[in-house]
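# No sequence on hand, only this structure:
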């Protein structure tokens, strides 16, 4: 890995019901998720721009993908955490850790999505 590159370039968030998860994330984040199939897996692609900074990823439904609070934690960038947490609550998710100051790096929060995953938010300073 080149020393000037960030180590993460892709993420997958396991889901049990792609349609429900797609509706949840679109409502919570104000984005459009594009559905597709790749082999036996159903996927919901987060918006991405080739060559832009940050990692791209999908919601994924398939054998071997189990929603969980355990394991890796994905941080999604948002402009403002509090309105996003409100939308998450309205969409059937719940706040696990409210907006928390992390000093010069901004703010973070954790939530449970419609599928039972623990996911996080990051707000830049």
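Ah, there it is. As the structure is a computational prediction, the values presented were derived from the model and not from experiment.
# Please count neighbours and contacts with C-alpha atoms only from this point.
Noted.
# center of this protein, which residue is that?
residue 76 (5.1 Å; Cα atoms, centre = their mean).
# distance between the longest strand seen in the chain and the chain's centre?
For the chain, the strand that runs over the most residues, judged by DSSP state E, is strand 94-101. Centroid displacement of strand 94-101 relative to its chain, using Cα atoms, centre = their mean, to the nearest Å, is 15 Å.
# Show me what it is packed against.
In terms of contacts (3 or more Cα pairs under 8 Å, 6 or more residues apart in numbering; DSSP states H and E), strand 94-101 is packed against helix 81-90, strand 107-112.
# Give me the residues contacting it.
Residues from elsewhere that reach strand 94-101, judged by Cα atoms under 8 Å, 6 or more residues apart in numbering: 81-82, 85, 88-89, 107-113.
# got it, and stretch 103-112?
Contacts of stretch 103-112 from elsewhere in the structure, counted by Cα under 8 Å, 6+ apart, are 69, 81, 85, 88, 93-102, 118-125.
# how about 10 Å then?
Outside of stretch 103-112, the residues within contact range by Cα atoms under 10 Å, 6 or more residues apart in numbering are 68-69, 73-78, 80-82, 84-85, 88-89, 92-102, 117-125.
# Ok, stretch 40-54 next?
6, 8-10, 12-15, 17-19, 21-22, 25-26, 31-37, 55-65, 76-77.
# switch the cut-off to 6 Å
Contact partners of stretch 40-54, identified using Cα atoms under 6 Å, 6 or more residues apart in numbering, comprise 33-37, 56-62.
# Pull out the buried positions in the longest strand of the chain.
94-95, 99 (16 or more other Cα atoms under 10 Å).
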